[in-house]
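Novice: sharing a model that was predicted from the sequence below.
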Amino acid sequence: MDRGLAVLHTLAAGTSPHASRASWTLALAELDRGNSAKARQLTLAAPTLAASVPGREILARIALAEGTRAETLRIYQELGEQSADAMIFLSKEAFAAGDFDQAWKWTAKLAQRFPEQPAFRRNLLAIDSAAKLKNP
C-alpha cells in the first residue's frame with residue numbers, strides 16, 4: 001500500500017494527464033484514513049481536480065466528514081444533476097426533512113439515470129408512502 005501511494009504521489013506531482021486522477025485517488029485514500037485535512041490539501045493542490053465534478057464531490061465528502069453540513073449542502077446543491085453523489089445526498093436530506101417533493105425529484109432523476117438499480121424505484125415507493133402518511 002505504501003509503495004502504491006508513493007507512486008501516486010509521484011504521478012500527482014507531475015504534469016501528465018494522470019496527475020489529476022492520482023490526486024483524486026490520494027485524496028480518497030486520505031479521507032478513508034480519516035485525514036480530511038490532508039484530503040482537502042491534496043484536492044485543492046490540483047486545480048484541475050478541485051474544479052471538476054469528482055473533485056467537488058470529494059470536497060463535499062470532506063466537509064461532511066468534518067461536520068460542516070452547510071458546506072456539504074452548498075457543494076452538492078451546486079453540483080445538482082451533474083453528480084449522482086449529490087442527487088443521493090439531496091434526496092436523503094429532503095426525505096429526512098419531510099420535503100417529499102424534493103426527495104421525489106432527486107430520486108426520480110436517479111431512477112432515470114440508473115434504470116438498472118431497482119433501489120431507486122423502491123425509494124420512490126417509500127417516498128410516496130411517507131407522503132401519504134403525512135398528508136392522508
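Specialist: Received the coordinates, thanks.

Novice: dihedrals phi and psi, residue 73?
Specialist: phi -60, psi -40 (degrees, to the nearest 10).

Novice: what's the neighbour count on it?
Specialist: Residues lying near residue 73 (other Cβ atoms under 10 Å) number 17. In short, each C-beta sits where N, CA and C put it, glycine included.

Novice: ok, now which ones touch it?
Specialist: 89, 93 (Cβ atoms under 8 Å, 6 or more residues apart in numbering).

Novice: so who does residue 18 touch?
Specialist: residue 11.

Novice: brain fart, residue 26
Specialist: Contacts of residue 26 (Cβ under 8 Å, 6+ apart): 5, 8, 9, 12, 42.

Novice: kindly recompute the last result at 10 Å.
Specialist: Residue 26 makes contact with 5, 8, 9, 11, 12, 38, 39, 42, 43, 45, 46, 49 under the criterion Cβ atoms under 10 Å, 6 or more residues apart in numbering.

Novice: how is residue 128 assigned, secondary-structure-wise?
Specialist: When classified by DSSP: H, G, I helix; E, B strand; the rest coil, residue 128 comes out as helix.

Novice: rewinding a little: helices - which of the contacts of residue 26 land there?
Specialist: Among these, the members found in helices (DSSP state H) are 5, 8, 9, 11, 12, 38, 39, 42, 43, 49.

Novice: picking up where we left off before, select only the buried ones of the contacts of residue 26 in ChimeraX?
Specialist: Buried residues within those, by 16 or more other Cβ atoms under 10 Å, are selected in ChimeraX with:
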select :8,11,12,38,39,42,43,46,49
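
Novice: pick out whichever of the contacts of residue 26 sits closest to residue 32.
Specialist: residue 39 (8.8 Å; Cβ to Cβ).

Novice: surely the closest one meets residue 46?
Specialist: No. Counting by Cβ atoms under 10 Å, residue 39 does not reach residue 46; the two are 11.7 Å apart.

Novice: identify the contacts common to those two.
Specialist: 26, 27.

Novice: picking up where we left off before, now distance to residue 117 too, for the contacts of residue 26, in a markdown table please.
Specialist: Below are these laid out as a markdown table (distance: Cβ to Cβ, whole Å):
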| residue | distance to residue 117 |
| --- | --- |
| 5 | 32 |
| 8 | 30 |
| 9 | 35 |
| 11 | 32 |
| 12 | 32 |
| 38 | 32 |
| 39 | 27 |
| 42 | 30 |
| 43 | 28 |
| 45 | 34 |
| 46 | 31 |
| 49 | 27 |
